[in-house]
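Could you look at this predicted model? Sequence included:
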Amino acid sequence: MSSWKRAAKANQKTHRERHQPESRAHLGLLEKKKDYVARAKDYHEKQSTIKLLRRRALNKNPDEFYFHMINAKLDNGVHREKEKDEEHTPDQIKLMETQDIKYISYKRNVEAKKIDKLQSQLHMIDAANETKNKHTFFADDKRGVKSFDLAEHLDTHSSLLGRRTNRPRLSKLKEMKLPAIDDRLLAKMEQQKHMAYKELHKRVDRERELTIIQQKLEMKRALQDKTVPKPKRIKSATADAPPIYQWKFQRKR
């Protein structure tokens, strides 16, 4: 019987939906029943939403407060979340989740010792050459200004004028017995010094980052102590500083 029904349907005439009459062609496509059902469903959903919001507005407490009031703002009629400063960088989160405070403290001490060793070797005397300042020389007349020779006035070699430190006089240079140094050796020495300062800069940044992570872990451990009252947060954590809390003073027995 079922096969007969399928065969009978195959031979049936395909019924097409009527089109828009020519007199109403300017109104667009003729709305079918499925279009009406979708439009009616959308209309009733919107009416239900409006009714629900109206009921919530009537039942709302005027003194009610929730944090989204201060964590969002209205921008061109649209509520948008306020941007917050990130408390931790991705590297800090990775270290805090995978390592404990003992490992962080150990690595920070290692970096601090290497920094002290590098600083003792470099002495940081080249920092004075990067400081921008002025040194004014006075002449008696305009003729003296035109004929003024800075190397002669400072009694030093012209190649040493860019230095603010370690700038010996010509008399001292004559007394010194300097070996013959070619340009390649000087360039190599300058490159080694530059690499040493670059390594020092990286280690200082790393030691500072480890110090921040260690302080955050110490604060996290202190907050886990349930034997003391909950402290008051003074300042939230940032990517460059740990949070600040204030504990209530308790007298020790």
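Happy to help now that I have it.

can you give me the helices in the stretch 51-200 of the chain?
For the stretch 51-200 of the chain, helices defined by DSSP state H, counting those that start in this stretch occupy the ranges 68-71, 90-98, 101-122, 127-130, 142-146, 150-154, 170-175, 183-223.

which of the ones you listed has the lowest average pLDDT?
Ranked by mean pLDDT, these end with helix 127-130 at the bottom, a mean of 57.

quick one: the closest residue to Lys235 other than its chain neighbours from Ala237, how far?
With Cβ to Cβ, 6 or more residues apart in numbering as the criterion, Lys235 has its nearest non-adjacent residue at 4.1 Å, and that residue is Ile244. (Each C-beta comes from the backbone N, C-alpha and C, glycine too.) Distance of Ile244 to Ala237, computed by Cβ to Cβ, to the nearest Å: 9 Å.

Compare the two and say which is more crowded by neighbours.
The residue with more neighbours, out of Ile244 and Ala237, is Ala237; 20 against 13, by other Cβ atoms under 10 Å.

so that one sits right up against Glu86, yeah?
No. In this structure, Ala237 is not within contact of Glu86 by Cβ atoms under 8 Å, at 9.5 Å.

Just give the number of residues close to Ile104.
22.

Next: Leu30.
13.

Checking Ile234 next. Helix, strand or coil?
Taken by DSSP: H, G, I helix; E, B strand; the rest coil, the conformation at Ile234 corresponds to strand.

burial of it, as a residue count?
9.

For Arg206, see how far away the residue lying closest to it once chain neighbours are set aside is.
Closest residue to Ile234 apart from its sequence neighbours, by Cβ to Cβ, 6+ apart: Ile244 at 4.3 Å. Ile244 is 24 Å from Arg206, where distance means Cβ to Cβ.

what about the residue nearest to Lys114 when sequence neighbours are not counted, how many neighbours?
Residue nearest to Lys114 in three dimensions, not counting chain neighbours: Arg203, with 5.6 Å by Cβ to Cβ, 6+ apart. Using other Cβ under 10 Å, Arg203 has 18 other residues around it.
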